[in-house]
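**Q** After the sequence you'll find the predicted model.
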Amino acid sequence: MNVGLVIYGSLDILTGGFIFDRKLVEHIQANGSSVKVFSLPWRHYVSHLTDNLSYKFLRQLKNATCDILLEDELNHPSLLTTNFFLNHPVKFPVVSIVHHLRSSELRSKATNRFYRKVEQSYLRSVHGYIFNSDTTRQSVRKLGLPSKPYVTAHPGRKPANRLVDIEFIRKRSHESGPLRILFVGALIPRKELNTLIEALSNIPGSEWTLRVVGALETDRNYTSQILELLKRLNLEKNVKLLGSMSQEELDSEYLNCHVLAVPSSYEGFGIVYLESMGFGAPPLATNAGAAHEMVSDGINGFLVSPGDVVNIAEKLGRLAGDRNLLFEMGKAALDSFVAHPTWDQSCRKIFNFMKEMVGNNHV
């Protein structure tokens, strides 16, 4: 099977959606099929819409020797008319990998109405869907589109870390000193690092530290706001902005932290929550999006409402003062991780769906 894949940028990016795409590509290739990646440059949303005027890109796709074309839904503004012309006449099924809808994110209603119209038009142009969560599937269903073939497969887990077991979690949980909190994500408004910092300012500084792993240059204005916030709240000694890291360096951060806190306003899945659970570190997430599909509030992590500074402070304050609770939640987090599907299981489910789309000529 010859597979095409349309993405922005590079598969080497370490954020959740790109990890999902990269793992799927690796699985496809490991099973004897080829993958041709068609990459478009990262630009502003409006600039992406102008990609539809590029006959060169359309010609690339039309001339591709594909049995099936996968498109990361993130690319939807670039593919509106491209898909329309690509499908006349149809040469191969086009399937969208939907991580989460842009119109599901927290912003003004007027702006989201615009994004929703664009996404509706794009999703109408494909023949099937690959969803990363039931939450994402439901968000697409609410757009009122015609029924199409789909598969839902959660991002998978890596093998359990052999350095982490119940005794390791017990020892780490009861170490003296402040609660070691980790934030993982690009510094962009949706990840709500500012909300986390404001919440932590309500807990005595001697009780916690925060290490922030994520690209500082994605939204330089927002990064400047974070630096100003730290200065205003006098938290510069408590919070360390570490920038981007390799996976090996990030694993070391997970190994050392007590808890992950990423109170995003929306996550289509949230791979970082699953990753932290693999190190026995319970995640604090929000109930907006799909985090609830792996995080059970008060058992293996915490779920709060987006922007709820008071509740975030209360939850993290509890863990700082109750190390037995921290241990029990860490243990439950590791159990949940081990029970989660592996990457091989998730990608095999998708690969079988792709073969059905090709074999049954779902176009």
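**A** Ah, there it is.
**Q** So what pairs up with the nearest residue to Val239 once chain neighbours are set aside in the strands?
**A** Nearest non-adjacent residue to Val239, counting by CB to CB, 6 or more residues apart in numbering: Leu210, 4.6 Å away. Placement of C-beta: from N, CA and C, glycine included. On the basis of DSSP bridges, Leu210 is bridged to Ile181, Val239.
**Q** which stretches of the stretch 101-250 of the chain form strands?
**A** With strands called from DSSP state E, counting those that start in this stretch, the stretch 101-250 of the chain shows them at 128-131, 150-152, 179-184, 208-213, 239-243.
**Q** about what we covered before: would you agree the residue nearest to Val239 is in contact with Ala199?
**A** No. With contacts counted by CB atoms under 8 Å, Leu210 stays clear of Ala199, the gap being 10.4 Å.
**Q** one step back: any chance of the strands of the stretch 101-250 of the chain in TSV with mean pLDDT, mean neighbour count and distance to Lys56 as columns?
**A** Compiled in TSV, these are given as follows (pLDDT from 0 to 100; neighbours: other CB atoms under 10 Å; distance: least, CB to CB, whole Å):
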stretch	mean pLDDT	mean neighbour count	distance to Lys56
strand 128-131	97	24	27
strand 150-152	97	18	31
strand 179-184	98	24	37
strand 208-213	98	21	38
strand 239-243	97	16	35
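**Q** My read is that Leu326 contacts Val259, right?
**A** Yes. Here Leu326 reaches Val259: they are 7.2 Å apart, a contact under CB under 8 Å.
**Q** So for these two, which residues contact both of them?
**A** 179, 282, 319 (CB atoms under 8 Å, 6 or more residues apart in numbering).
**Q** show me what contacts the second one?
**A** If I follow you right, that is Pro282. Taking CB under 8 Å, 6+ apart as the test, what Pro282 contacts is 259-260, 276, 300-302, 319, 326, 329-330, 332-333.
**Q** Okay, helices next: where are they in the protein?
**A** With DSSP state H as the criterion, the chain has helices at 16-30, 45-49, 55-62, 80-86, 109-124, 134-141, 166-173, 193-200, 220-232, 247-256, 271-277, 309-321, 323-339, 343-359.
**Q** mind saving the C-alpha coords of the third one as CSV?
**A** The C-alpha atoms that make up helix 55-62 are tabulated as CSV, following Å, rounded to 0.1, in the frame of the first residue of the first chain:
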residue,chain,number,x,y,z
TYR,A,55,-1.7,24.7,-8.6
LYS,A,56,1.8,23.4,-7.9
PHE,A,57,0.7,21.7,-4.7
LEU,A,58,-2.5,20.3,-6.2
ARG,A,59,-0.4,18.9,-9.1
GLN,A,60,1.9,17.2,-6.6
LEU,A,61,-1.0,15.4,-5.0
LYS,A,62,-2.7,14.6,-8.3
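**Q** Which neighbouring elements make contact with that helix?
**A** strand 34-40, helix 80-86 (3 or more CB pairs under 8 Å, 6 or more residues apart in numbering; DSSP states H and E).
**Q** rerun at 6 Å
**A** If contacts are counted by 3 or more CB pairs under 6 Å, 6 or more residues apart in numbering; DSSP states H and E, helix 55-62 sits against helix 80-86.
**Q** quick revisit: the strands of the stretch 101-250 of the chain: which one's closest to Phe85?
**A** Within the strands of the stretch 101-250 of the chain, the stretch nearest Phe85 is strand 128-131; the backing value is 19.1 Å (CB to CB).
**Q** in its sheet, what does that closest one sit against?
**A** Sheet partners assigned to strand 128-131 using DSSP bridges are listed as strand 94-98 (parallel), strand 150-152 (parallel).
**Q** Would you mind putting the helices of the chain into CSV with distance to Lys36 alongside?
**A** Shown next, in CSV, are the helices of the chain (distance: least, CB to CB, whole Å):
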stretch, distance to Lys36
helix 16-30, 10
helix 45-49, 21
helix 55-62, 10
helix 80-86, 15
helix 109-124, 21
helix 134-141, 26
helix 166-173, 43
helix 193-200, 37
helix 220-232, 34
helix 247-256, 25
helix 271-277, 25
helix 309-321, 44
helix 323-339, 34
helix 343-359, 14
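**Q** To Asn238, which of those helices lies closest?
**A** Nearest to Asn238, of the helices of the chain and by CB to CB, is helix 193-200 at 7.3 Å.
**Q** tell me the angle that closest one makes with helix 220-232.
**A** The directions of helix 193-200 and helix 220-232 differ by 10 degrees, with axes from the mean of the first three to the mean of the last three CA atoms, to 10 degrees as the criterion.
**Q** I'm done for today, thanks for sticking with me.
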